[in-house]
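**Student:** Need a 3D model of the following:
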Amino acid sequence: MILTKEDYGILSQIQILLAQIMKNAVMSEIEEEHEREFEKLIDLNGKKHVQEIVSKTLEQEVKEMMIELEIPGSVRKRKNGLIEARTLYFGSVYGRTKEELNRKLSAKITELIVPAAVKDKRQLPLFSEFCNNSYIPYKKSRKTVAENTLKGYKYRLSVIARENFDKRINLYSPQKIEAFLLSIEKTRTRQLMQGFMNNVFGRAVAEGLIKNNPCAPIEKMEHAGNIGTAFSFDEQKKFFTTLFSSNLRYIYKCYFVFVYLTGTRRSEALASVTSDLNRSDKILQINGTKTDGSFRFMPVLPLVEKLLLSMPMPSIPLANIFRFRRKPRTGNLRT
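**Tutor:** As a prediction, the model looks like this:
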């Protein structure tokens, strides 16, 4: 076939059209690639933005859930994507959804409030029963507790019973214990009660009766104690001048002088008996009232001996040296 001039002209026009089409096709592919990259970028930013919104919403929902469950604490999102519920009583609890955290926190509450009631069919003892039958005998076996401390245990048990707070050992919660402690007016009594209950529950954990100590999460009760100061020589002179010019009974005056000369605690002086005094060796036995380690001997100073000899000492060997029912008040003697 022989192409004519007209055929060559048509072929040239076709080549030009094909070239234009190819050019447009290439440009379209480049534009589409750019468009895809742009859409991808927009999509990534959009997803990130959405994730941030969802995360913030989830954190807020978890916080509201903790308020509903009456669990104090805070919420934050960790770098690995987990939501951390930081609680006062249970430490940190982790989850990816509100439902997961709700389930875990609810389980913690159930385990803490009624751990044995759900898992243990045994009839666990009352707090007072466990204390009398296990804790106090254990302390006595250790031989590190003084008689006065044991009396303190009995007193605190009486307070617990009086306030109707004597429950099964596994039915206490930190919230209820804290409320009970704060109901005690005197801060020092409140502090001692917290230490006592914490030790009893600690022993119950050691014996396997309960899993957790419900006192452990509670902050230490504060006590603003009065720091004593030593008498100056002028104050000592004024003290004894006031003492001997007062209308106190003679045995009360002897008590104050005895404590001043021997340095005993008030309870130690009141617990002293006539058999503690060895007149021949001039030694006085001090029966410690705080711990067994505070039991000690001390030489009888001439003034102490003279003081004791001037008192109407009872003939009964185990009679108290200072025979009065109430401890004398000292508040008005310093002024």
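**Student:** Residue 131 belongs to a helix, doesn't it?
**Tutor:** Yes: looking at residue 131 with DSSP: H, G, I helix; E, B strand; the rest coil, it is inside a helix.
**Student:** That one is in contact with residue 157, isn't it?
**Tutor:** Yes: between residue 131 and residue 157 there is a contact at 6.0 Å, judged by CB atoms under 8 Å. Backbone N, C-alpha and C define where each C-beta goes, glycine included.
**Student:** Who has more neighbours out of these two?
**Tutor:** residue 131 (27 against 18; other CB atoms under 10 Å).
**Student:** so what's the more buried one scoring on pLDDT?
**Tutor:** Residue 131 carries a pLDDT value of 95.
**Student:** got it, and residue 331?
**Tutor:** 48.
**Student:** Let me know the secondary structure of residue 224.
**Tutor:** What three-state DSSP gives for residue 224 is coil.
**Student:** quick one: contacts for it?
**Tutor:** The contact partners of residue 224, taken as CB atoms under 8 Å, 6 or more residues apart in numbering, are residue 187.
**Student:** what's the answer for residue 192, then?
**Tutor:** 152, 156.
**Student:** How confident is the prediction for it, by pLDDT?
**Tutor:** 93.
**Student:** Repeat that for residue 154.
**Tutor:** 92.
**Student:** State the helix or strand in which it lies.
**Tutor:** helix 147-162 (DSSP states H and E).
**Student:** what distance separates that helix from the middle of the whole chain?
**Tutor:** Relative to its chain's centre, helix 147-162 lies at 21 Å (CA atoms, centre = their mean, to the nearest Å).
**Student:** Next SSE downstream of it?
**Tutor:** Next along from helix 147-162, by DSSP H and E: helix 174-182.
**Student:** now for that next one, which elements pack on it?
**Tutor:** Secondary-structure packing of helix 174-182 (3 or more CB pairs under 8 Å, 6 or more residues apart in numbering; DSSP states H and E): helix 187-206.
**Student:** one more time with 10 Å
**Tutor:** When contacts are defined as 3 or more CB pairs under 10 Å, 6 or more residues apart in numbering; DSSP states H and E, helix 174-182 sits against helix 98-113, helix 187-206.
**Student:** Of those, flag the one that's most buried.
**Tutor:** Across the helices and strands packed on helix 174-182, averaging neighbours per residue (mean count of other CB atoms under 10 Å) puts helix 187-206 on top, at a mean of 18.
**Student:** That one vs helix 147-162, what angle?
**Tutor:** 90 degrees (axes from the mean of the first three to the mean of the last three CA atoms, to 10 degrees).
**Student:** Any idea how far helix 187-206 is from the middle of the chain?
**Tutor:** Counting by CA atoms, centre = their mean, helix 187-206 comes out at 10 Å from the chain centroid.
**Student:** ok and that helix relative to helix 174-182, angle-wise?
**Tutor:** 150 degrees.
**Student:** What's the mean pLDDT across whatever helix or strand comes next after helix 187-206?
**Tutor:** Counting by DSSP H and E, the element after helix 187-206 in chain order, helix or strand, is helix 233-245. Mean pLDDT, helix 233-245: 86.
**Student:** Could you name the helices and strands sitting against helix 233-245?
**Tutor:** Against helix 233-245 (3+ CB pairs under 10 Å, 6+ apart) you get helix 250-262.
**Student:** now the angle from the helix it packs on to helix 233-245?
**Tutor:** Relative orientation of helix 250-262 versus helix 233-245 (the same axes, to 10 degrees): 160 degrees.
**Student:** elements contacting helix 250-262?
**Tutor:** Using 3+ CB pairs under 10 Å, 6+ apart, helix 250-262 sits against helix 233-245, helix 266-271, strand 283-286, helix 302-310.
**Student:** Would you mark the buried spots in that helix?
**Tutor:** 252, 253, 254, 255, 256, 257, 258, 259, 260, 262 (16 or more other CB atoms under 10 Å).
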